[in-house]
Structures are given as structure tokens and as C-alpha cells.
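**Student:** predicted model and sequence follow; I will ask about them next.
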Amino acid sequence: MSLFSPRTFSTDWEVMGFDKLDRNLNTEKCDAFAGPLSKELDLPIHIDYNSIEFGLGINTSYKQFLERIIKATDRAAEIVREFDMELFPAAAFPMDGAFYGSHIHVGSIHDEKKGIYLENQLMKYVPAFGALGANSPVWWFCKGEAKSYRVQKLAWHCTVPSSIREPGLSQTTWGNDAAPKIYGVPTLEVRIIDCATSRRLLAELAVFIAAFVHNQGDKVKKYSPDPGEYCDNLTNRWSAARYGMQATFIWDGKERPTVDIIDEMLDDCKDGLAKLGAKRDDLILINQMIKKRICQADYVIDLADRYPDPIILTSVYSKLIRHWEIIDEYFGKAKPLEPVPVPDEKKILEEHLSCIGDGTYFFRLRDVMYYPSTITDEMLEKMIRNGYVSKEVTDTHGTLLYRKK
């Protein structure tokens, strides 16, 4: 018997607004639009930190969901333009430290114990969702080191790697990449997805994730990954944030391109898609992403290369994406990208070493790939033995690390 009944899905899609001077609308102004939209469209549209959060109700089919997205955003764009403003659907932008997501709610689930087992079961697959959704390669005057700064930086702890949980030893979670949310609406929420720029891609992502999670719910069992699996999942999460669809994952002890894994996941949930009124051929953009190893972030990276000044980039970016189809067009024209290998031991060590400067607090090491303390402590000891780093324990600041010249 399926864990999900009835089979439903939705999203909380956080969309910024910009005025004619390319300034992000504050929460108070967003609230002025969210209220009338919610009442007019009869949808749970509200606000979340300088964004209009499009809650799109309870959906049972791909067609229903896509139509709601288009209707809601067409009307929202119309209203804000009356005040010389525009919607700006992006996960991050060059001149602000905030992040925005497209949280996918998969319902309906009423058994929290089994939901926690499913959370652990999904941990292996969540990085693949992150690679598909990557859309924040420019952020706070940074660009290009990651295809999702939002996932890499934990979105200010609004989306964090799942920890291993047991029903008898666990409390309610909020910001996990994927977790049951029985206490709010009866759904399993997938938070790792960046704010989508394309309305059609958002619909495709939501129906794919829902179908896959529904199928996993048909075979949920008590499960906890062992430490080695958990470490591989965290490495894959880092690769997804860094490389998007070009990433290569560690998968059942072997190296596999992310696109091959997603391709297989789509085939595995064929029946789940059908129950939501969709088939694989309907997911035009996702199929292009798989074929070309591209994601939304690659469009933004190309744009940032052409407009390196963050102020100009913000202005151009906001004017291009307000028409909704720019990403769809890019996917059709973009050239395929080459895969990036799995980070080997040397690469992982270099990545951790790169965060250490002159008096770096030791916990910064934990923030690189979010490995458990046992792994980062072993890595630190190796750095010290090899003469790369020295350690000092202070009364005022605890343990500090120093990079040796």
C-alpha cells in the first residue's frame, strides 16, 4: 500500500520583485501584492523575506499545476507592472545575500514514522534533484564557483543536508533538503530546489519529483544509510551544487554521471508520472537538460561572462527573465557541456584546505562539504601531519587554524 493517498503535489515558489531602478522589493511591498493575489486566485499566496511566495494549492495533475502557474504569474506580473515593477524569478542575484527556492510539496502523507524512513531512503537521490534545480551561480558579488550557491551555502540554513533520523529518537525538522512536514500540510517537502526561472521547468520538476517520491513511498522500509553511504551522499550534494548537471556522482560504489542517474530515475517513475497525468515525453526541458548536461545556472553563467559588472548584470538579468521563456529558449539552443569527474581524495583535501587562512575558526572545515566531525577531524590531522596547517587552542576563540606558507 502506498504511503501517499491521495497523490498530490504543489510548490512554495519564492519570486522576488524589482522596481524600475532594479531594487529588490521589500517584504512590506510584497505583502501588498500577495494578499490581493491570494484572494483573487483562491490560492495560498503569501510572502517570505522580500519575495512573493506562490503557493499553488493542491494539485493532482501536471496540466492543472502548469495552468495554475501560468495563471497566477500572468496576473501577478500584470498587477505589479501597474506600479512600474516586475517579477524577478531567480534563486539569487549579484547584489544581495538572500536566497530563494522552489520548495516542492509531495502529498498526501499522514504517517510520520514511515515518512522519516522515506526521508532516509530519499537521501541518496536528493542531490540529483539539486543538480536539476541549480539556478544560483551569482550571489552577493560572487560568481561561477558554484552553480548553486544557495545549496552550497545552505540558504542561510533554510535547506540543509538531511541527518540520519530514527522515529523513536527524532524531533520535527524544518530546513532539511527533504523531510516529512506532517505538522503543517501533510506532505513530504523537497527544499533543495533553487527558485526556478522557467515556469514550464518548475512544472516539470514538480511532477517528476512528486512521481518519484510517490513511487518510493510504494516501497518504503526501515532504512538508515551506513557512514560510508552518508559520506558519499554529502560528496554528491557538494558536486551537484558545484557542477549542476555536469556532476558525476559516487553511486553504489561506482562513478556515474548525474544525467544517467536522472535518466534512470525518470524511467523508474513512469507509472507515477502516468498517475499524475504526465509521461516522460511531456518533460521537454528536463530531457534537454539530460541530453546536454545543462541547467538554468549555465544560462546565468553565460550572461555573467558577458556582463561582469554586478550592477549591469542585475539590470540585464532582470529584464531578460521577466518574459518567462528565456530559459526554455536557451535549452533549445545551448551546446552540450562535458561531465566533471567525481572529486578524488586530493581534490577534497584541497577544497577543505582552501578555506583556511590566518586564524580560521576550525568549524569552517565542517562548512565545506558538511561531512560529519569524524571525517573533518581526520582530514585536519592529515593536514597538520603533512605540514599544511598548524593549530592553536585559545581561551577566547577556541581552536584556530593557520595555513602555512
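**Tutor:** Perfect, I can see it now. The shown structure was predicted, so the numbers you read here are calculated from the model rather than taken from an experiment.
**Student:** only alpha carbons, please: show stretch 101-113 as PDB.
**Tutor:** Extracted as PDB, the C-alpha positions of stretch 101-113 are listed here (Å, rounded to 0.1, in the frame of the first residue of the first chain):
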ATOM      1  CA  GLY A 101      13.700  28.500  -3.600                       C
ATOM      2  CA  SER A 102      11.100  26.400  -5.200                       C
ATOM      3  CA  HIS A 103      10.100  24.000  -2.500                       C
ATOM      4  CA  ILE A 104       8.200  21.000  -3.800                       C
ATOM      5  CA  HIS A 105       5.500  19.600  -1.600                       C
ATOM      6  CA  VAL A 106       4.600  15.900  -2.200                       C
ATOM      7  CA  GLY A 107       1.400  14.600  -0.600                       C
ATOM      8  CA  SER A 108      -0.600  13.400   0.900                       C
ATOM      9  CA  ILE A 109       1.200  11.700   3.800                       C
ATOM     10  CA  HIS A 110      -0.100  11.000   7.300                       C
ATOM     11  CA  ASP A 111       2.400   8.500   8.800                       C
ATOM     12  CA  GLU A 112       5.300  10.500  10.200                       C
ATOM     13  CA  LYS A 113       7.200   7.300  11.200                       C
END
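**Student:** how far away from the center of its chain is that stretch?
**Tutor:** Relative to the centre of its chain, stretch 101-113 is centred 16 Å away, using C-alpha atoms, centre = their mean, to the nearest Å.
**Student:** and that stretch, what's buried?
**Tutor:** Gly101, Ser102, His103, Ile104, His105, Val106, Gly107, Ser108, Ile109, Asp111, Glu112 (16 or more other C-beta atoms under 10 Å). C-beta: built from backbone N, CA, C; applies to glycine.
**Student:** which SS class is the fourth one?
**Tutor:** Ile104 carries the three-state label strand when classified by DSSP: H, G, I helix; E, B strand; the rest coil.
**Student:** with adjacent residues omitted, what lies nearest to it?
**Tutor:** Closest residue to Ile104 apart from its sequence neighbours, by C-beta to C-beta, 6 or more residues apart in numbering: Val190 at 4.4 Å.
**Student:** that neighbour: what's it in contact with?
**Tutor:** Each residue near Val190 by C-beta atoms under 8 Å, 6 or more residues apart in numbering is listed here: His103, Ile104, His105, Val106, Val126, Phe129, Asp177, Ala178, Ile209, Val213.
**Student:** apply 7 Å and report the result again.
**Tutor:** His103, Ile104, Val106, Phe129, Ala178, Ile209 (C-beta atoms under 7 Å, 6 or more residues apart in numbering).
**Student:** keeping just the C-alphas, turn the longest strand seen in the chain into PDB.
**Tutor:** Counting residues, the longest strand found in the chain (DSSP state E) is strand 4-19. C-alpha atoms of strand 4-19 as PDB (Å, rounded to 0.1, in the frame of the first residue of the first chain):
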ATOM      1  CA  PHE A   4       0.800   8.700  -0.200                       C
ATOM      2  CA  SER A   5      -3.000   8.900  -0.500                       C
ATOM      3  CA  PRO A   6      -4.300  10.800  -2.400                       C
ATOM      4  CA  ARG A   7      -1.300  11.500  -4.700                       C
ATOM      5  CA  THR A   8      -0.900  15.300  -4.800                       C
ATOM      6  CA  PHE A   9       1.800  17.900  -5.200                       C
ATOM      7  CA  SER A  10       2.400  21.600  -5.000                       C
ATOM      8  CA  THR A  11       5.100  24.200  -4.600                       C
ATOM      9  CA  ASP A  12       6.100  27.200  -2.500                       C
ATOM     10  CA  TRP A  13       7.800  29.300  -5.200                       C
ATOM     11  CA  GLU A  14       9.600  32.300  -3.900                       C
ATOM     12  CA  VAL A  15       9.700  35.100  -6.500                       C
ATOM     13  CA  MET A  16      11.300  38.500  -6.000                       C
ATOM     14  CA  GLY A  17      10.000  41.700  -7.400                       C
ATOM     15  CA  PHE A  18      12.100  44.600  -8.800                       C
ATOM     16  CA  ASP A  19      11.300  48.300  -9.200                       C
END
